[in-house]
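Student: just to be clear, the model below is a prediction. Sequence and coordinates:
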Amino acid sequence: MSSKKMTAKKGGHAMGGFCPRYHQAVELVGRRWTGAIIRLLLGGPRRFNEIVSGVPGLSDRLLAERLRELEEAGIIIRVVAGGRPVRVDYVLTESGAELESTVRALAEWAERWIKPPTAAATG
């Protein structure tokens, strides 16, 4: 066996090598607040104000921006229900729902390896 580091291959790209699709996915899902929004939507459709109140520290402006980005990427859809008042829900698409195992794996990793914030850092 050679002394070169072995790399696992998946989808034709060596793990550890540069993959443009992976890079694009990480840049999209890894943006600030995006993971928290996706995690919340994994629980089902949410209205704008439910998302804002469910993600501490997230402003209306940033939520609107992230929702537009996720909609453009095909991760969520905006569902408008007629009536008075008009009801708008945000729902994960099939591709968005497929992020569940990834979000779950990251949550499990965080529980094992990320130290909880100190009281001084949280408020």
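Tutor: Great, that's in hand. Numbering: from 1, shown residues only.

Student: please, which helix or strand holds the most centrally placed residue in the chain?
Tutor: What sits nearest the mean C-alpha location of the chain, by CA atoms, centre = their mean, is Gly35, with 2.9 Å. Remark: Gly35 resides in helix 34-41, with elements defined by DSSP states H and E.

Student: helices along this protein, start to end?
Tutor: Listed in chain order, the helices found in the chain under DSSP state H are 20-29, 34-41, 48-54, 60-72, 94-97, 100-113, 119-122.

Student: follow-up on the earlier one: just the mean pLDDT for the helix holding Gly35, thanks.
Tutor: Averaged across helix 34-41, pLDDT comes to 98.

Student: other residues contacting that helix?
Tutor: Contacts to helix 34-41, defined as CB atoms under 8 Å, 6 or more residues apart in numbering, come from residues 28-29, 46, 51, 54-55, 58, 63, 66-67, 69-70, 75-76, 90-92, 96, 99, 103, 106-107. In short, each C-beta sits where N, CA and C put it, glycine included.

Student: are any of these buried, and which?
Tutor: 29, 46, 51, 55, 58, 63, 66-67, 70, 75-76, 90, 92, 96, 99, 103 (16 or more other CB atoms under 10 Å).
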